[in-house]
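Engineer: here's a sequence, model it:
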Amino acid sequence: MDIFKNSARVATLSNGIRVVGECIPYFPSATVGVWIGAGSGFETPETNGLSHFIEHMLFKSTENRSILDIAKEIDYLGGNVNAFTSKECTCYYAKVIEEHLPRVMALFSDILMCCRFEPEELERERGVILEEIAMSADTPDDTVLELLSEAYFGEHPLGLPILGFADKIATVSREEILDYKAKNYRPDNIVISISGMFDFDAFVELCEKLFGSLKAREHSASVPNLEEPAYKAIIREKDIEQVHIAQAWPGVGHKDKRLYPLSVACNLLGGGNASRLFQKIREEMGAAYSVYSYPSVYARLGSIVVYAATSPENAQKVSHALHEEIHRMIDTLDPTEFEMSKEQMRVSFILGIENGFTRMSALGRGILLNNELQEPREVMDRMSAVTFEQVREEIARTFSGKYAVAAVGQNVEDLLL
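Structural biologist: Residues are numbered from 1 along each chain as shown. Prediction:
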């Protein structure tokens, strides 16, 4: 069997929900996800945090199950049932053996369509989420990356925090939450994806039975275009042991032809142990344990993120070194490290597609956000087609202009940013 050939099939239920699945007969399990086009990138300052709030509430009681019933069903299925909210989507997912697919899909149907949002449960979960926000505020690497989103995207919805702000979460009403759910949990905004051991036709029939009664409702707003990044500097003084520095440079969206050359450039900068930043700041200077870069890619927008954590005494040196190494890379990139970076990315991709969750996610996100299936072979071909000159061009284009920056820690107001 060719693991690079996409054998996925797509079907549409009677109400417009899309189902995408890839049967992998040598997998002993199936990984399934219900994807909703709701995340902080679709929110406004008035609705910020509601996607995440709803994700929490759906695991509370329904018209058919108590909280304990839901917990027992999750344990019966093996306990590998969960959910997450991101900037662009909310996903409810599970990894189960094939014979348990009807039970887990019945559970997902129940929590999505019959959740009661009991006032007492809502108030308890409000407290849980406020604690989660406080915990995130005590996690400086989380904090600096959320501040970086605000510094780069500005007033664009992608600049809003996924968890929301505490003052809004503390006061949001049950009616506001239900209204947001009704506008976003609609058939045309839902994709069910599955990868592993299953029968596609039988699965589509099961989904029709369990989800086909969900009615279409009014559309919510789409993510607006970003005319120009904000390129702000945001700092937060915090009495902690390290200074956390993050920078965002211009990136691209999923469909942009520059994505692969830019990803190779980003990998060269801080994607592995042999990368420029790791070798300079950790191995040569001994000034940081954690230093890396990665592409942050959304449907139509993106950025290149650079991150380092260091002591207050070394913060100034590390900040200078980040920029020196970035600009040195523009002039000193050589073919050998370019080829090594491409190979690292190729192998990482191959190893990744052995994972059922990775494959299920690629299917779900692809259909939900771009309405397309991307062949693994196509990804490999695009990686292979990246040239040395393309990467040099992307390095010069991306890292020679403006950038956004965030910093959290002691004396960050004195940090040269």
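
Engineer: so what pLDDT did residue 324 get?
Structural biologist: For residue 324, the model assigns a pLDDT of 93.

Engineer: next one: it from residue 250, what distance?
Structural biologist: 20 Å (C-beta to C-beta, to the nearest Å). No exception for glycine: its C-beta is placed from N, CA and C like everyone else's.

Engineer: and if you look at residue 386?
Structural biologist: 18 Å.

Engineer: circling back: tell me which of residue 324 and residue 250 has more neighbours.
Structural biologist: residue 250 (20 against 11; other C-beta atoms under 10 Å).

Engineer: so what does the worst-scoring helix or strand of the chain on mean pLDDT touch, helix or strand wise?
Structural biologist: None of the helices or strands of the chain scores lower by mean pLDDT, DSSP states H and E than helix 376-385, at a mean of 89. Helix 376-385 makes packing contacts with helix 259-270, helix 335-352 when contacts are defined by 3 or more C-beta pairs under 8 Å, 6 or more residues apart in numbering; DSSP states H and E.

Engineer: the ones you listed: which one's closest to residue 46?
Structural biologist: With respect to residue 46, and counting by C-beta to C-beta, the nearest of the helices and strands packed on helix 376-385 is helix 259-270 at 32.8 Å.

Engineer: and stretch 32-45, end to end?
Structural biologist: 32 Å (C-alpha to C-alpha, to the nearest Å).

Engineer: what does stretch 295-313 give?
Structural biologist: Across stretch 295-313, the terminal residues are separated by 29 Å (C-alpha to C-alpha).

Engineer: now do it: distance to the chain's middle.
Structural biologist: Relative to the chain's own centre, stretch 295-313 is displaced by 13 Å; criterion: C-alpha atoms, centre = their mean, to the nearest Å.

Engineer: now that stretch: buried residues?
Structural biologist: 295-310, 312 (16 or more other C-beta atoms under 10 Å).

Engineer: kindly report the same for stretch 261-273.
Structural biologist: Buried residues in stretch 261-273, counting neighbours by 16+ other C-beta under 10 Å, are found at 261, 262, 263, 264, 265, 266, 267, 268, 269, 270, 271.

Engineer: ok, now which ones touch the second one?
Structural biologist: By C-beta atoms under 8 Å, 6 or more residues apart in numbering, the residues touching residue 262 are 251, 252, 295, 304, 394, 398.

Engineer: just the last one next, same as before
Structural biologist: For residue 271, the residues meeting the contact criterion (C-beta under 8 Å, 6+ apart) are 292, 293, 294, 341, 344, 345.

Engineer: distance to residue 243 and pLDDT added to the buried residues of stretch 261-273, as a markdown table?
Structural biologist: Below are these laid out as a markdown table (distance: C-beta to C-beta, whole Å; pLDDT from 0 to 100):
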| residue | distance to residue 243 | pLDDT |
| --- | --- | --- |
| 261 | 32 | 96 |
| 262 | 28 | 97 |
| 263 | 28 | 96 |
| 264 | 29 | 96 |
| 265 | 26 | 96 |
| 266 | 23 | 96 |
| 267 | 25 | 96 |
| 268 | 25 | 96 |
| 269 | 20 | 96 |
| 270 | 17 | 96 |
| 271 | 22 | 94 |
